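Chemist: structural data only, the sequence is not supplied:
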């Protein structure tokens, strides 16, 4: 798990090519938070700072299990074999991706893993219906129905048991059309939790950082990587990998207070 999280966060520096090895020594506390880290050795010193940045970016990790708690506070070693990618020949490079059209019957199945549990779920487009006067697609997830604004494919609200439980005054918008690398936008909205009779304001900065080739259980896809930050805190909140081929996300990472949740696409049906 630790090695996978570091790998997914590692951004290799330009100019490094070929296969290299990097060895890290680090210390975690019982909650999985990084205490200290250093590079023991590497075959290319240009990889050192990016390796440490990846380790810091991946922290915190899931809490150390009870049977391994003796490792908390103790130095641990991890070895990486790094094969830097060749220059991209991506079909998405330098291009724009337009908003897809959804229709009833399309679905995406995901497997997810969080700090303390895991599972699967399916998103299925079931119909079109306005939400608070805004044309929307209705996407069923279990017993909930999520309403996505047709114009931007942004989440407006949620209905459960026939009642509106969540409502936004503007869509949560991790996508802005057309998509292209380098594009940035602000996404501000107020979320109402009707059952709790509470509300919260959000102000996010969103950026399309790059194009990546992503391997998930459903296959290998070219995807736009989208990063969502708190506009004030500058804290990374979410990462999304959007594939035009799939018409939705193939991977999602959510940075929660108690750790990281990761969703990966298992299968999809869009025909």
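Modeler: Looks like it came in fine. Since this is a predicted model, take the numbers as computed values, not measurements.
Chemist: and the pLDDT at residue 14?
Modeler: On the pLDDT scale, residue 14 is placed at 63.
Chemist: quick one, strands of the stretch 101-250 of the chain?
Modeler: According to DSSP state E, counting those that start in this stretch, the stretch 101-250 of the chain carries its strands in the segments 107-113, 118-128, 136-141, 144-149, 154-160, 163-172, 184-193, 198-216, 219-230, 236-243, 248-256.
Chemist: will you turn those into a markdown table that also has mean pLDDT, mean neighbour count and distance to residue 38?
Modeler: In this view, the C-beta of every residue, glycine as well, is placed from N, C-alpha and C. Below are the strands of the stretch 101-250 of the chain laid out as a markdown table (pLDDT from 0 to 100; neighbours: other Cβ atoms under 10 Å; distance: least, Cβ to Cβ, whole Å):
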| stretch | mean pLDDT | mean neighbour count | distance to residue 38 |
| --- | --- | --- | --- |
| strand 107-113 | 97 | 19 | 28 |
| strand 118-128 | 97 | 14 | 32 |
| strand 136-141 | 98 | 20 | 43 |
| strand 144-149 | 98 | 21 | 44 |
| strand 154-160 | 98 | 20 | 42 |
| strand 163-172 | 97 | 17 | 39 |
| strand 184-193 | 97 | 14 | 34 |
| strand 198-216 | 95 | 16 | 27 |
| strand 219-230 | 95 | 18 | 27 |
| strand 236-243 | 97 | 20 | 23 |
| strand 248-256 | 96 | 20 | 24 |
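Chemist: isn't residue 194 right up against residue 161?
Modeler: No. Using Cβ atoms under 8 Å, residue 194 is not in contact with residue 161; the gap is 11.9 Å.
Chemist: sorry, back to before: among the strands of the stretch 101-250 of the chain, which comes closest to residue 56?
Modeler: Closest to residue 56 of the strands of the stretch 101-250 of the chain is strand 236-243 (Cβ to Cβ; 11.3 Å).
Chemist: who are the packing partners of that closest one?
Modeler: Strand 236-243 sits against strand 198-216, strand 219-230, strand 248-256, with contacts defined as 3 or more Cβ pairs under 8 Å, 6 or more residues apart in numbering; DSSP states H and E.
Chemist: need those in JSON lines (columns: distance to residue 78).
Modeler: Converted to JSON lines, the helices and strands packed on strand 236-243 look like this (distance: least, Cβ to Cβ, whole Å):
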{"stretch": "strand 198-216", "distance to residue 78": "21"}
{"stretch": "strand 219-230", "distance to residue 78": "24"}
{"stretch": "strand 248-256", "distance to residue 78": "20"}
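Chemist: quick one: closest of those to residue 72.
Modeler: strand 248-256 (20.8 Å).
Chemist: got a list of contacts for that closest one?
Modeler: 8, 108, 110, 114-115, 123, 214, 216, 218, 221, 223, 235-243, 260-265, 268 (Cβ atoms under 8 Å, 6 or more residues apart in numbering).
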